[in-house]
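Colleague: A structural model of the following input is requested.
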Amino acid sequence: MRGVLTGFAVIAVVIGVGWALGRRGSLGEQGGEVLTRLAFEVATPALLFTTLARADLTVVFSGRLLVTALSTAAAAGVFVVVGVVRRWGVGRTTIGALCSSYVNSGNLGIPIAAYVLGDASLVAPVLLFQQIVVTPVALTVLDLTGAGGKGPLWRRLLTPLRNPVAVGALGGVLVSASGWTVPGPVREPLTLIAGMSVPAVLLAFGIALPGSAAPGRGRDRHPVLLSVALKSVGQPLAAWALASGVFGLRGASLLDVVVTSALPAAQNLFTYAGRYGTAETLARESILLSTLLSVPVLVAIAALLG
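Modeller: Okay, the predicted model is just below:
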């Protein structure tokens, strides 16, 4: 259980620093927005490029990836259906679907995989799938329904190529697939910039917390509660049913996919919501509640399947 506690402790400390900065107003009124833009426009694309450029793309064809893809689609699909029926709007439904299915595979998934599962690389299929498929698709939807949706057809079709996060991810995949090694003078500055991504996201998240209403009680109560239920319970159950019933996984392999699917919603979803000016409260509250609930969920999964 040390990996679970270690991962959450690291996140809690950095978010706590952000909360203190926000409460004191140390970075001014625009501090959180600046950090959000820094993460979205510069640091996160650099992190994705440097990570995926050296990744082993053969993991894309693993059975674990199929379980991840199907359980992600199931959780997100349920939210989308409810969002359409309830008329929550494209932006809110997109962010809510991400919060229901997009796991924190980076700053939380890596330490948990290392300490609980014994191999940090086990989160690679989830990381690759989310950054190569889920992120570009979701951000393209947000682009096309917001400011990016205006203009000629050719410009709209090229939306993914104008999104810095998508460009960083796709660029890293192309480098890895080509077998090219990024030269040191190029790689090292990018690595330095990439190191700002996770801290900037967590600090911006913490800065937004002071003065916020109790989660799950405001205007977005129903979308928040639905996304948290899907993320904390629905997706892990779907992963377990698919892994054991369809793909026949047992033992450590079964534990791997269920643990990674039970990780909470990723903090960078708040960055995306802030960047597009949509469903920021939904993202913040869903991330916070799913992170809190994931502690007992992950402990229970480790006890039952470990």
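Colleague: Check which residues of the lengthiest helix in the chain are buried.
Modeller: Taking DSSP state H as the criterion, the chain has its longest helix at helix 280-305. For helix 280-305, the neighbour count (16 or more other CB atoms under 10 Å) marks 280-291, 293-294, 297-298, 301-302, 305 as buried. From N, CA and C alone the C-beta is placed, and that goes for glycine too.
Colleague: the bottom helix or strand of this structure by mean pLDDT?
Modeller: Between all helices and strands in the chain, the lowest mean by mean pLDDT, DSSP states H and E belongs to helix 153-157, at a mean of 57.
Colleague: and the helix or strand just after that helix, what's its mean pLDDT?
Modeller: As assigned by DSSP states H and E, the chain's next helix or strand after helix 153-157 is helix 164-178. Regarding helix 164-178, the rounded mean pLDDT is 86.
Colleague: So which elements touch helix 164-178?
Modeller: helix 44-53, helix 135-145 (3 or more CB pairs under 8 Å, 6 or more residues apart in numbering; DSSP states H and E).
Colleague: Would you mind listing the buried residues in that helix?
Modeller: So helix 164-178, judged by 16+ other CB under 10 Å, has buried residues P164, V165, A166, V167, G168, A169, L170, G172, V173, V175, S176.
Colleague: wait, doesn't the fourth one sit right on P45?
Modeller: Yes - A contact is recorded between V167 and P45 when judged using CB atoms under 8 Å, the distance being 6.2 Å.
Colleague: Would you quantify the distance from the one residue sitting closest to the centre of the chain to A200?
Modeller: Nearest to the mean C-alpha position of the chain, by CA atoms, centre = their mean, lies A266 at 3.5 Å. For A266, the distance to A200 equals 14 Å [CB to CB, to the nearest Å].
Colleague: V78 now?
Modeller: 31 Å.
Colleague: more crowded one of those two?
Modeller: Legend: neighbour count by other CB atoms under 10 Å for V78 and A200, higher for A200 (26 against 20).
Colleague: and that one, what element?
Modeller: helix 197-207.
Colleague: Name the residues that touch that helix?
Modeller: Identification of contacts with helix 197-207 by CB atoms under 8 Å, 6 or more residues apart in numbering yields 11, 14-22, 27, 31-33, 35-36, 38-39, 43-44, 46-47, 106-107, 267-268, 270-271, 274, 284, 287.
Colleague: May I see the ChimeraX selection of the buried members of those residues?
Modeller: A single ChimeraX command is used to select the members of those judged buried by 16+ other CB under 10 Å:
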select :11,14,15,18,19,21,22,27,31,32,33,35,36,38,39,43,44,46,47,106,107,267,268,270,271,274,284,287
